[in-house]
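> next one to model:
(2 chains)
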Amino acid sequence: MATANDPNIGFSERLNNNRNLLGLLFMVPAAIVLLLFLTYPLGLGVWLGLTDVKIGRPGVFIGLDNYFWLFEDKVFWLSVFNTFLYTVVASIIKFGLGLWLALLLNRHMPFKAFIRAIVLLPFIVPTVLSALAFWWIYDSQDSVISWILIEMGVIDQTIDFLGHPNNARASVIAANIWRGVPFVAITLLAGLQTISPTLYEAATIDGAGEWRRFRHITFPLLTPIIAVVMTFSVLFTFTDFQLIWVMTRGGPINATHLMATLSYQRAIVGGALGEGAAIATAMIPFLLAAILFSYFGLQRRKWQQGGRDD
Amino acid sequence: MSDFTRRDVLKSSAGLALGTAIASPALVAAAKAWAAESPWQPEAGATLRVLRWKRFVQSEGEAFAAMVDSFTKATGVAVRVDSQGFEDLRPKSAVAASIGAGPDIVWTIHADPHLYPDKLVDLTDVAGYLGGKYGGWYPIAETYSKSGDKWISIPYVFSGNFLNYRISAVKKAGFETVPDNLDDFLKLMQNLKKNDDPGGFALGNASGDGNCWAYWILWSHGGKVVDDNENVVLNSPEVVAALEYVAELGKTFLPGVASWLDGHNNKAFLQGACSLSNNGISIYAAAVREGMTDIANDMDHAYWPIGTTGRPLEFHVQFPMMVYKHSKYPNAAKAFIAWMMEKPQYDQMMQGSVGYLSHSLRAYNDHPVWTEDPKRRVFKDTVDRTIPYSYSGKLGYAASSVFADFVVVNMVAEAAGGSKSPKEAAADAQKRAERYYKI
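Okay, the predicted model is just below:
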């Protein structure tokens, strides 16, 4: 068999058979796409954050001035707080509800496929449409929730869903949860279905109850999927924009401004592109932390980190 | 200003589908005669791209399309019109200015031409021609359009934002009409609340209605964002006094105003839940159009009360037209703008906008749109009562950014909701505004 070192084989043929070089060549298109459409815009965003560029007017390099200013800006810190609250609360609840829903959907029941399809609906509806629907549900005068509660005699005046800071936060978080649960549920359901039933049978024979089967079989085997789905869920939630923009524009008094919405308001609406870019750039460390956490914290099995499982 | 209801949106999309706006033969004949004598003869083979804000009143959009069509028939200049909502229109036109490509003419909003004055064609000759022919420009129109000695835009129209009120509710509260001074106005609002027909102003991030009333409350107490030398003066006794007034006024609002965006008061008013708010003429126009006679007959409009300064200081929106220097056909563009402001066309536009848009040239003060329905009367004086949000500093980036970042709206909302004391709210707003004026 001829090897790459065989002196009887020409240079070009050797090159042709060089797996490393071919591998590199095959990666070039993907690398170009990544550079062009991911690295360049990201780099440009970071660079803009270091300038005082305004929409329609070139800026000059001002170092970290935008960040120093943001550091003293109460509205910015409020948006950081809001973003964290929004992400943490919504992600935890989405995970809990999603897992629960997945476990329920994993059972045998009539119309299984149909019900699973229905569960996906909130995820399929365009965000802007569902945001508009919630906008009506939370309306200060015509909320259907308020109306029902008033008709039932539980309350005597409409609930100010989006007018009070904490109500508004809870309301937008609820809307985000409604939208995000199906994604978590369906993905976890897919994970559940990869778990072999024989494991459960063996455990049952050994006398394991419902909880122990979940704790020692379902949960450990599901962690890889959980890691992936929660990483995505956290990223989506952290960078959410549409729901907030449609329902509150960040109000009342910036109580629901997320970093993404504040960045848009300052950069596009207000024209301060540099400052808006700085806010967006300030999101990157948090996002990286979330990814690293899920990578090292949740993906504890070796094959997930490139090794082999024993 | 998103003073539109869901219904308007539906209607306008239906309007787009019909979208037939063709100039009548008489109009075309007149147009050809005009084109032959126009001081601006379009360049050979000229075509124009016009970018405008998405209309709120369907009939205004139709009138605009017909005027454009007649211009094309008269001059042979093909015109392509694109519409955008404000949030997209403003960054798009700014980017077009900076890269030197895109539309030739933008019908934009606020003082945006002052963000890139050196990218715009000098329109002094057009302004002189129109001003000379139609009784002169109102002073504010000139202020908005001039950068130094040059006119960088043509102040095409203004859009009034005044008090809308239910006549019966105000009468029941012991007033014949909305009082013109601050003390009585507070009393009126308190009585309305007592009678269980409260009024209310938007406290959410409502870029139109929120800004209009927040700047008024500031100015009516002698407060302002900056002084003549562009020093931020929000942390002043006048502003604190304004916010103390707001704190009292806020107690009279109907619940939910804190979350209100631009469309909410239209809806609450049309439902009868709100007896007094600030808005363009769109609430009334909708009530008339939809045959809601109980509301249309029982509502009217009023000026903002005059405060301690003794003169009306109100904020209304300007919609100017500007031409980019990158346009290859500046003469065609000038002819276009002049054409759109000549009497036959401007009449058509005013008629189509049913009071939503107000004139900037004195000759149009007698337009029948202001007399055929007395309830539009107030909007006639829009241009006489408005000052720009940059008051009393210069038009430019800082003033626009403070406006877009809701600095004043947030300050007023904090005081109205009681989340901060008037002093704290003013001090915080001072810091936010200083940032924009620092550069």
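> okay, now the unreliable bits of chain B?
B:1-23, B:439 (pLDDT under 70).
> kindly report the domain assignment for it.
B:6-160+B:316-385, B:162-314+B:391-438 (automatic domain parsing).
> looking at those, which is buried most?
Highest mean neighbour count among the domains of chain B (mean count of other CB atoms under 10 Å in any protein chain shown): domain B:162-314+B:391-438, with a mean of 21. No exception for glycine: its C-beta is placed from N, CA and C like everyone else's.
> dump the residue contacts of the spatially most central residue of chain B.
Nearest to the geometric centre of chain B sits residue B:317, at 2.1 Å (CA atoms, centre = their mean). Residue B:317 sits next to B:1, B:109-110, B:158-159, B:161, B:208, B:212 when contact means CB atoms under 8 Å, 6 or more residues apart in numbering or on different chains.
> between those, which is nearest residue A:195?
residue B:208 (55.7 Å; CB to CB).
> wait, that closest one touches residue B:110, no?
No. Residue B:208 lies out of contact with residue B:110 (CB atoms under 8 Å); the separation is 10.7 Å.
> am I right that residue B:320 sits in a strand?
Yes. Looking at residue B:320 with DSSP: H, G, I helix; E, B strand; the rest coil, it is inside a strand.
> could I get the contacting residues of it?
By CB under 8 Å, 6+ apart, the neighbours of residue B:320 are B:107-109, B:112-113, B:144-145, B:153-156.
> now it, nearest residue through space, not along the chain?
residue B:153 (3.9 Å; CB to CB, 6 or more residues apart in numbering or on different chains).
> the one you found reaches residue B:122, doesn't it?
No. Counting by CB under 8 Å, residue B:153 stays clear of residue B:122, with 10.5 Å between them.
> list the contacts for the residue of the stretch 151-300 of chain B at minimum distance from chain A?
Per CB to the nearest CB, residue B:256 is where the stretch 151-300 of chain B lies closest to chain A, at 2.3 Å. The neighbourhood of residue B:256, defined by CB under 8 Å, 6+ apart, consists of A:139-141, A:158, A:160, A:162-163, B:200, B:264, B:268.
> what helices or strands is the strand or helix carrying residue B:70 leaning on?
Per DSSP states H and E: residue B:70 is located in helix B:58-75. Counting contacts by 3 or more CB pairs under 8 Å, 6 or more residues apart in numbering or on different chains; DSSP states H and E, helix B:58-75 packs against helix B:6-18, helix B:25-37, strand B:78-84, helix B:330-341, helix B:343-352.
> now stretch A:83-94: how far from the chain's centre is it?
10 Å (CA atoms, centre = their mean, to the nearest Å).
> who's in contact with it?
Under CB under 8 Å, 6+ apart, the answer for stretch A:83-94 is A:169, A:172-173, A:176-177, A:180-181, A:184, A:230, A:233-234, A:237-238, A:240, A:258-260, A:283, A:286.
> show me how to select, in ChimeraX, the buried members of those residues.
The ChimeraX selection below is limited to those of these classed as buried (16 or more other CB atoms under 10 Å in any protein chain shown):
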select /A:169,172,173,176,177,180,181,184,230,233,234,237,238,240,258,259,260,283,286
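> assign residue B:222 to helix, strand or coil.
coil.
> give the contact list for the residue nearest to it when sequence neighbours are not counted.
The spatial neighbour of residue B:222 that comes closest, neighbours along the chain excluded (CB to CB, 6+ apart), is residue B:238 at 4.1 Å. The neighbours of residue B:238, taking CB under 8 Å, 6+ apart as the test, are B:221-224, B:308.
> can you check residue A:20 too?
So residue A:20 contacts nothing (CB under 8 Å, 6+ apart).
> for the residue nearest in space to the middle of chain A, which non-adjacent residue is closest in space?
For chain A, the residue nearest the mean C-alpha position is residue A:236 (2.3 Å; CA atoms, centre = their mean). Leaving aside its sequence neighbours, residue A:236 sits nearest to residue A:180 (CB to CB, 6+ apart; 6.8 Å).
> one step back: okay, the domains of chain B in TSV with distance to residue A:274 next?
Converted to TSV, the domains of chain B look like this (distance: least, CB to CB, whole Å):
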stretch	distance to residue A:274
domain B:6-160+B:316-385	14
domain B:162-314+B:391-438	12
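> re the thing from before, reduced to three states, what does the residue nearest to residue A:236 come out as?
helix.
> my read: it touches residue A:233, true?
Yes. Using CB under 8 Å, residue A:180 is in contact with residue A:233, at 6.1 Å.
> so which residues on chain A come close to chain B?
Residues of chain A lying close to chain B (CB under 8 Å from any CB of the partner chain) are A:52, A:54-58, A:69, A:72-75, A:138-142, A:157-158, A:160-165, A:168, A:248-254, A:265-266, A:268-272.
> of those, just the buried ones, PyMOL syntax please.
Applying 16+ other CB under 10 Å to the residues of chain A next to chain B, the buried members can be selected in PyMOL as follows:
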select buried, chain A and resi 52+54+55+56+57+73+75+138+139+140+141+142+158+160+161+162+163+164+165+168+248+249+250+251+252+253+254+265+266+268+269+270+271+272
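> so where's the stretch 201-310 of chain A shaky on pLDDT?
A:297-310.
> distance of residue A:178 from chain B?
19 Å (CB to the nearest CB, to the nearest Å).
> and that residue, how many neighbours does it have?
Per other CB atoms under 10 Å in any protein chain shown, the neighbour tally for residue A:178 reads 18.
> follow-up on the earlier one: which residues does the residue nearest to residue B:320 contact?
By CB under 8 Å, 6+ apart, the contact list for residue B:153 reads B:108, B:113, B:120, B:123, B:144-145, B:320-322.
> can you rerun that using 6 Å?
B:113, B:145, B:320, B:322 (CB atoms under 6 Å, 6 or more residues apart in numbering or on different chains).
> separation between the closest residue to residue A:48 other than its chain neighbours and residue A:82?
The shortest distance from residue A:48 to any non-neighbouring residue, by CB to CB, 6+ apart, is to residue A:277 (3.7 Å). Residue A:277 is 20 Å from residue A:82, where distance means CB to CB, to the nearest Å.
> contacts for stretch B:425-439 next, please.
Contacts for stretch B:425-439 (CB under 6 Å, 6+ apart): B:225, B:230, B:232, B:234-235, B:239-240, B:243, B:398, B:401-402, B:407, B:411, B:414-415.
> within reach of chain A, which of those are there?
Filtering those for proximity to chain A by CB under 6 Å from any CB of the partner chain leaves B:401, B:414.
> point out the residues in the stretch 201-350 of chain B that sit beside chain A.
B:204-205, B:255-256, B:258-259, B:261, B:268, B:273.
> now, these that are in helices?
residue B:268 (DSSP state H).
> circling back to that earlier point, redo the contacts of residue B:256 as a markdown table? Include secondary structure and distance to residue A:24.
Compiled in a markdown table, those are given as follows (DSSP: H, G, I helix; E, B strand; the rest coil; distance: CB to CB, whole Å):
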| residue | secondary structure | distance to residue A:24 |
| --- | --- | --- |
| A:139 | coil | 58 |
| A:140 | coil | 60 |
| A:141 | coil | 63 |
| A:158 | coil | 64 |
| A:160 | coil | 61 |
| A:162 | coil | 54 |
| A:163 | coil | 59 |
| B:200 | coil | 66 |
| B:264 | helix | 59 |
| B:268 | helix | 64 |
